[in-house]
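Q: When you get a sec, could you give me coordinates for this:
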Amino acid sequence: MEIFDNFCKHLSKVTTINYNIISVVLLTIITLIFFTIVKMIITWCIKRKMTGRGEYVVNQSLMVITNIIEVFCLLLIFGEYIKNMMTLISVVSAAMTIALREVIVNFFCGIYIKTKKPFKVEDRIQVNDIKGDVMNTSILSFEILEVSTKEENGQSTGVVVTFPNSIIFTTPVKNINKGFKYIWDELVVKIKLDSDLAKNKQEIYRIVNNLDDIKSIPRKMKNQINEVNTTNRVYFNKFDPMIYTRIVDNHIELTVRYLIHPKKARFVESVIWNKIYLAYKDEKIDLYTGV
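A: Next up, the predicted model:
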């Protein structure tokens, strides 16, 4: 520390700048460089030891802790000057508040998102007409990887959309994964009016219940709802696939309802339709063709 003091005194004599100012500036620069190096080392170590989601979660957590320590160190450095700065701050606070209003609101909304977790990374959410998977959350904004809304269960468009954190207080945010990670999906199968209804239903049930992506979900859903009910009241009395019947004009509509992971919904729906088509070709299902 004596070497640092002597160096600051020497610079003060050479530049005629106050010793205290020089020491604060140098300590600030040293602190920022030190923590930048620490963050680089942390990131490097995590990349060597971990991959995938675990790498992201651990890296984000350590970065938050490091940033808090960094801010604390800077406050210690500027501690003696903060009191003197209060008068200046009080004079310009009104103007700064107006100018930085959005930044301040986003900052506190970011704290709300981190603590209350209305959504988290990898959740599928919808804000207004934009639906996507959360990629990243920061103190001022969050990013989602957009999925197409042309189909109800769209696939990624490759477009990254950034929202200010404050949007969660001005716009409803639909979280498709909140509480539990499965949703009800439906598809409508039209059959002929004079068809054997029981036979057609039996074949559709067979197709749906034999899919690996569907048959294990009812048990998982029951367990998740039991966990969620400790903090939220969620009520379902049926978890297995169901078929609802409705007569429309000159045909029958069978609405097949089943639980599925939202990110697999479109794929599973395609598999079901392929199997229904094959059953139709084998005369096991009497599809209505409109003829």
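Q: before we move on, which element is the closest residue to residue 136 other than its chain neighbours in?
A: Excluding the flanking residues, the one nearest residue 136 by C-beta to C-beta, 6 or more residues apart in numbering is residue 143, at 4.7 Å. Yep, even glycine has a C-beta here, placed from its N, CA and C like the rest. Assigned by DSSP states H and E, residue 143 belongs to strand 141-147.
Q: What helices and strands are in contact with that strand?
A: Judged by 3 or more C-beta pairs under 8 Å, 6 or more residues apart in numbering; DSSP states H and E, strand 141-147 is in contact with helix 101-116, strand 124-127, strand 130-137, strand 156-164.
Q: closest to residue 181 out of these?
A: Closest to residue 181 of those, according to C-beta to C-beta: strand 124-127, at 9.1 Å.
Q: Go through stretch 282-291 and flag the buried ones.
A: 284-288 (16 or more other C-beta atoms under 10 Å).
Q: Just the helices from this protein, written as ranges.
A: 2-15, 19-49, 52-77, 79-99, 101-116, 197-209, 212-215, 217-228, 265-281 (DSSP state H).
Q: still on that earlier bit, go through the helices and strands packed on strand 141-147 and pick out the most buried.
A: strand 124-127 (a mean of 20; mean count of other C-beta atoms under 10 Å).
Q: That one - which strands sit beside it in the sheet, and in what orientation?
A: Here strand 124-127 has these sheet partners by DSSP bridges: strand 130-137 (antiparallel), strand 173-175 (antiparallel).
Q: Adding mean pLDDT, write the helices of the chain out as CSV.
A: Output for those, formatted as CSV (pLDDT from 0 to 100):
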stretch, mean pLDDT
helix 2-15, 70
helix 19-49, 81
helix 52-77, 76
helix 79-99, 57
helix 101-116, 84
helix 197-209, 91
helix 212-215, 83
helix 217-228, 65
helix 265-281, 90
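Q: and of these, who's closest to residue 134?
A: Nearest to residue 134, of all these, is helix 101-116, at 10.0 Å by C-beta to C-beta.
Q: Correct me if wrong: residue 213 contacts residue 266.
A: No. Between residue 213 and residue 266 there is no contact under C-beta atoms under 8 Å: 11.6 Å.
Q: and the gap between the closest residue in space to residue 287 that isn't next to it in sequence and residue 43?
A: Excluding its sequence neighbours, the residue lying closest to residue 287 (C-beta to C-beta, 6+ apart) is residue 280, at 4.6 Å. Note on residue 280: its distance to residue 43, by C-beta to C-beta, to the nearest Å, is 55 Å.
Q: Ok, residue 172 next?
A: For residue 172 relative to residue 43 (C-beta to C-beta), the value is 36 Å.
Q: likewise residue 145?
A: Taking C-beta to C-beta, one finds residue 145 at 22 Å from residue 43.
Q: Kindly state the domain boundaries assigned to this structure.
A: 2-99, 117-175, 183-281 (automatic domain parsing).
Q: Residue 106: which of these is closest?
A: So among the domains of the chain, domain 117-175 is nearest, using C-beta to C-beta, at 4.5 Å.
Q: so how far is that closest one off the chain centroid?
A: Distance of domain 117-175 from its chain centroid, counting by C-alpha atoms, centre = their mean, to the nearest Å, is 7 Å.
Q: about what we covered before: so can I have JSON lines of the helices of the chain showing distance to residue 190?
A: Output for those, formatted as JSON lines (distance: least, C-beta to C-beta, whole Å):
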{"stretch": "helix 2-15", "distance to residue 190": "82"}
{"stretch": "helix 19-49", "distance to residue 190": "53"}
{"stretch": "helix 52-77", "distance to residue 190": "42"}
{"stretch": "helix 79-99", "distance to residue 190": "60"}
{"stretch": "helix 101-116", "distance to residue 190": "44"}
{"stretch": "helix 197-209", "distance to residue 190": "11"}
{"stretch": "helix 212-215", "distance to residue 190": "21"}
{"stretch": "helix 217-228", "distance to residue 190": "26"}
{"stretch": "helix 265-281", "distance to residue 190": "11"}
